[in-house]
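Visitor: pasting the sequence and the predicted model now:
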Amino acid sequence: MVANVEDILSVDLKYIASLPDPVAPWGMQSPHDSVDGIFVLADEQVRQLPTKTDNITHETIHPSVLKQAQIHPLLAKSLQENPSLLCRLLPLEVEMEKNWPYDPKEGRNQYAS
């Protein structure tokens with residue numbers, strides 16, 4: 001999200017870079033479960049996977065999804081039929097991927113204390 005506003009807001013990039021505490025390589029962590037904590041009380045909203053690009057939702061698929069061990073078959077089919085569904089990494093995301101602090105020997109953030 002920060003990558004979408006860093007060109008219009010003053011962002012402490014050094015601080016942002018210090019936040020990740022990965023337990024897996026970039027893009028290979030388990031998907032985030034938004035039904036956690038207080039949100040277990042909310043109604044679950046299951047979104048449909050986008051199958052094409054359009055001028056209404058402008059939905060795209062983040063490249064990190066392709067790093068997952070298993071890709072949903074409908075998503076794989078949609079990406080094969082419509083490669084423009086896959087967005088490009090923004091400059092901050094490129095830097096975050098390049099400097100992802102995961103240490104495979106430790107199985108965690110290489111900078112964690």
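Guide: Received it, and whenever you're ready, just let me know what you need.
Visitor: C-alpha from now on. contacts and neighbour counts both.
Guide: OK.
Visitor: which residues of this protein fall in strands?
Guide: 102-103, 108-109 (DSSP state E).
Visitor: where in this protein is pLDDT low?
Guide: 108-113 (pLDDT under 70).
Visitor: if you set the cut-off to 90 instead, what comes out?
Guide: Within the chain, the stretches with pLDDT under 90 are 1-7, 9-11, 13-14, 16-17, 19-21, 23, 29-58, 69, 103-113.
Visitor: where do the helices of it begin and end?
Guide: 2-5, 13-18, 73-81, 91-98 (DSSP state H).
Visitor: now distance to Lys105 too, for those helices, in CSV please.
Guide: Output for the helices of the chain, formatted as CSV (distance: least, C-alpha to C-alpha, whole Å):
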stretch, distance to Lys105
helix 2-5, 29
helix 13-18, 20
helix 73-81, 31
helix 91-98, 18
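Visitor: the residue nearest to Ala17 when sequence neighbours are not counted and Ile56: what is the separation?
Guide: Spatial nearest neighbour of Ala17, excluding adjacent residues (C-alpha to C-alpha, 6 or more residues apart in numbering): Met96 at 6.9 Å. For Met96, the distance to Ile56 equals 29 Å [C-alpha to C-alpha, to the nearest Å].
Visitor: which one of those two has more residues nearby?
Guide: Met96 (16 against 6; other C-alpha atoms under 10 Å).
Visitor: quickly note the distance from the more buried one to Leu90.
Guide: 10 Å.
Visitor: Arg47 too?
Guide: 24 Å.
Visitor: higher neighbour count, these two?
Guide: Neighbours per residue, other C-alpha under 10 Å: of Arg47 and Leu90, the larger number sits with Leu90, 12 against 6.
Visitor: my guess is that one meets Val2, correct?
Guide: No. Contact between Leu90 and Val2 fails when scored by C-alpha atoms under 8 Å: they sit 9.9 Å apart.
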